[in-house]
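*Asks:* Here is a sequence with its predicted model. Questions after.
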Amino acid sequence: MSQRVPDPMMLNSSSLSALPGIAHGFFTRQGGVSQGVYASLNGGLGSGDERALVLDNRARMAAALGVTPERFATVYQVHSPDVLVIDKAWVENPWGESARPKADALVTRTPGLAIAVSSADCGPILFADAQARVVGAAHAGWKGALTGVIEATIATMEREGAERARIRTALGPMISRAAYEVGPEFEARFLEADPENGAFFTPSQRPGHFMFDLPGFIAKRLAACGVAAIDDLARCTYADETLFYSYRRMTHRREADYGRHLSAIALNA
């Protein structure tokens, strides 16, 4: 079971909240300073939003997790299965260019360092082995989930001392099956990888098209890894405009850009 905390700036997993020494949050779009299509807690350094506003928003998120802005790390996401182990955040240079490496998941054993992934329909996943003091965060869109970012994150955590049978996971807000229509070539790619993936597709109202269950697909991959717990917040980014950004909603409305949520986890110092 999951619950929303009173502050709409951040959602929490009850499973992860029960773990000692770990702070986490799935940040919504509420509680920030950005304007327009980015209103208001846009954490996307790659968006077209004013950089100073994004940095202010990220500082608010860092404070909510009990770390300084300099200890709040994200990567340059590329829809890959690549995972990095880090012990410090990247230094931004004066020209605004990011020193962040390309990857889609982070793992750390360093107390007082928050690791975060961004999303706006894709699936954010947080991982924690409280006994080994190892945490992870992964960005799992359809491509990353299909090509192994979930399995790679867990394997990386194991190399850092975690045990998959102790790892608790939480799935943050993402696009739901009801809002995720895809074409026949999309379904074919999943069926080619594993015929059993057909369970995550149902026919849509358009002939030859399907509704894809990204949260269900992610949960299946996690279950196959043998993790201790899978907590799905079951929040749809497309359906709830008050709390969430959505790339697909932006494209349907032909808006110029969209904000990004951040989902983060940290070991308390």
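*Replies:* Happy to help now that I have it.
*Asks:* Now do the phi/psi pair for G44.
*Replies:* The phi and psi torsions at G44 (degrees, to the nearest 10) take the values phi -80, psi 110.
*Asks:* One more: V54?
*Replies:* phi -60, psi -40.
*Asks:* what about it, distance to R60?
*Replies:* As judged by C-beta to C-beta, to the nearest Å, V54 and R60 stand 11 Å apart. Every C-beta, even on glycine, is put in place using the N, C-alpha and C of the backbone.
*Asks:* just L243 next, same as before
*Replies:* For L243, the distance to R60 - C-beta to C-beta - is 16 Å.
*Asks:* One more: E192?
*Replies:* 43 Å.
*Asks:* When these two are compared, which one has more neighbours?
*Replies:* When neighbours are counted by other C-beta atoms under 10 Å, R60 comes out ahead of the other of E192 and R60, with 18 against 9.
*Asks:* what sits against the more buried one?
*Replies:* R60 is in contact with 9, 31-32, 41, counting by C-beta atoms under 8 Å, 6 or more residues apart in numbering.
*Asks:* Which of those ranks first by neighbour count?
*Replies:* L41 (28 neighbours).
*Asks:* Now do the same contact list for that one.
*Replies:* L41 touches 9, 27-32, 34, 57, 60-61, 259, 261, counting by C-beta under 8 Å, 6+ apart.
*Asks:* Just give me the closest of the residues you listed to I175.
*Replies:* The closest of these to I175 turns out to be H261 (C-beta to C-beta; 12.2 Å).
*Asks:* Next, count neighbours for the closest residue to G21 other than its chain neighbours.
*Replies:* Leaving aside its sequence neighbours, G21 sits nearest to N268 (C-beta to C-beta, 6 or more residues apart in numbering; 4.9 Å). N268 has 13 neighbouring residues, counting by other C-beta under 10 Å.
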